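Engineer: The sequence and its predicted three-dimensional model are supplied below.
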Amino acid sequence: MQTIRTITSLAAAALVCSAAPALRAQDGGIEVGARAPARTLNNTDGKPVNLADFIGKKPVLLEFWATWCENCKALEPRMLAAHKKFGTQVEFIGVAVAINQTLARVQQYKYPYPMLWDVVGDCAAAYDVPATSFVVIIDKSGKVVYTGAGGKQDLDAAIRKAL
């Protein structure tokens with residue numbers, strides 16, 4: 001039942017994402033200052049990956065995205081530029097939600113950072129994801145220091161909060 005509620009919540013969030021141009025930071029999602037939850041997802045090869053392996057070692061940037069999300073496409077150049085600039089200091093992780101997309105579609109996207117598959121929505125539920133293109137930045141201590149959604153986020157300024 002929890003899985004169905006999570007998927008339904010993500011579907012509603014997906015509709016909001018496609019209809020709304022961009023949310024400002026902290027318009028929903030996990031609270032800034034909260035401890036980042038560790039969840040196990042699968043990589044695109046189907047092997048389990050636990051976020052606990054990354055959280056608490058160095059800053060982490062999570063982006064909850066979908067192949068069909070227009071805001072995610074708009075954010076992509078900023079994500080790639082931020083990864084190029086901060087990729088040695090910050091662990092970037094893409095979290096593909098399983099709403100209206102398949103693992104095969106996700107596998108077609110090649111990024112220079114790990115891509116994880118949230119097939120049952122457990123991770124999205126733990127982070128209270130309000131929409132795709134949702135970014136969560138976690139500092140080295142495991143505390144959430146930024147959340148935001150939309151294609152025009154200032155990722156450089158957000159990342160600096162974690163450094």
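Structural biologist: Thanks, I have the structure now.
Engineer: Closest to the centroid, which residue in this protein?
Structural biologist: residue 63 (2.2 Å; C-alpha atoms, centre = their mean).
Engineer: in the chain, which spans are helices?
Structural biologist: Listed in chain order, the helices found in the chain under DSSP state H are 2-19, 70-86, 103-107, 122-126, 155-160.
Engineer: Quick check: which ranges of the chain have low pLDDT?
Structural biologist: 1-27 (pLDDT under 70).
Engineer: Recalculate using a threshold of 90.
Structural biologist: When residues are selected by pLDDT under 90, those of the chain lie in 1-28.
Engineer: if we can go back for a sec, is the residue nearest to the centre of the chain in a bridge, and if so with what?
Structural biologist: residue 94, residue 135 (DSSP bridges).
Engineer: Wait, it touches residue 133, no?
Structural biologist: Yes - counting by C-beta atoms under 8 Å, residue 133 is a contact partner of residue 63 at 7.2 Å. In short, each C-beta sits where N, CA and C put it, glycine included.
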